[in-house]
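J.: here's my sequence, what's the structure:
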Amino acid sequence: MLLVVADTSPIRYLVQIDQIDLLARLFEEVVVADELRHASAPPKVQAFINHAPFWLKVSPVTGTDDPALDSLDPGERSAIVLALFLKADLILIDDRKGASVARTKGFEITGTLGVLDLAARRRLIDLKDALDRLKSTNFRYRQAIMDQLLDQQDGG
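T.: Residues are numbered from 1 along each chain as shown. Okay, the predicted model is just below:
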């Protein structure tokens, strides 16, 4: 079984674009830090996490004394600490700096775009529609990356 730990941002964005069920279709179990319950989460995300599905495990995270994590935001730091503790196979993380640190710790990483791309390759979603929905959120992206993903889906 592939053990997946998610930072809160991929969870938040997938909830906001009504694609959160993709995680259950792509992975057996996803673990996320309890930071997802923070009051600053959008109402739709709060409603989701208050009725979390069986495949999503919310876990508390203890601190770490790893100086490599000091420069990260609490969410990315929590995801990496949790992944280290659980010996995860994959981390879902959007933040570039967090992804870079996770790679140095030996983790395979992907983010929201990677999840959507994988789902599209498995013919679970229409990638263009999902990316259009994602653009309506505050997700930060480079149009060139989205264009490249769409070109790959079209066989280009």
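J.: alpha carbons only for contacts and neighbour counts from here, please
T.: Will do.
J.: got any ranges where the chain has weak pLDDT?
T.: 1, 36, 155-156 (pLDDT under 70).
J.: which helix of it spans the most residues?
T.: helix 74-86 (DSSP state H).
J.: what's that helix packed up against?
T.: strand 3-6, strand 29-33, strand 90-92, helix 96-104 (3 or more C-alpha pairs under 8 Å, 6 or more residues apart in numbering; DSSP states H and E).
J.: can you map out the helices along this structure?
T.: 8-16, 21-26, 43-50, 74-86, 96-104, 112-121, 127-135, 143-153.
J.: what sits up against the fifth one?
T.: Pointing back at helix 96-104 there. By C-alpha atoms under 8 Å, 6 or more residues apart in numbering, the surrounding residues in contact with helix 96-104 are 68, 69, 72, 76, 77, 80, 91, 93, 108, 109.
J.: show me how far that helix is from its chain's centre.
T.: Distance of helix 96-104 from its chain centroid, counting by C-alpha atoms, centre = their mean, to the nearest Å, is 13 Å.
J.: try stretch 83-98
T.: 9 Å.
J.: about what we covered before: can you put the helices and strands packed on helix 74-86 in TSV and add distance to residue 137 and mean neighbour count?
T.: As requested, the helices and strands packed on helix 74-86 are exported to TSV (distance: least, C-alpha to C-alpha, whole Å; neighbours: other C-alpha atoms under 10 Å):
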stretch	distance to residue 137	mean neighbour count
strand 3-6	19	24
strand 29-33	21	22
strand 90-92	18	24
helix 96-104	18	17
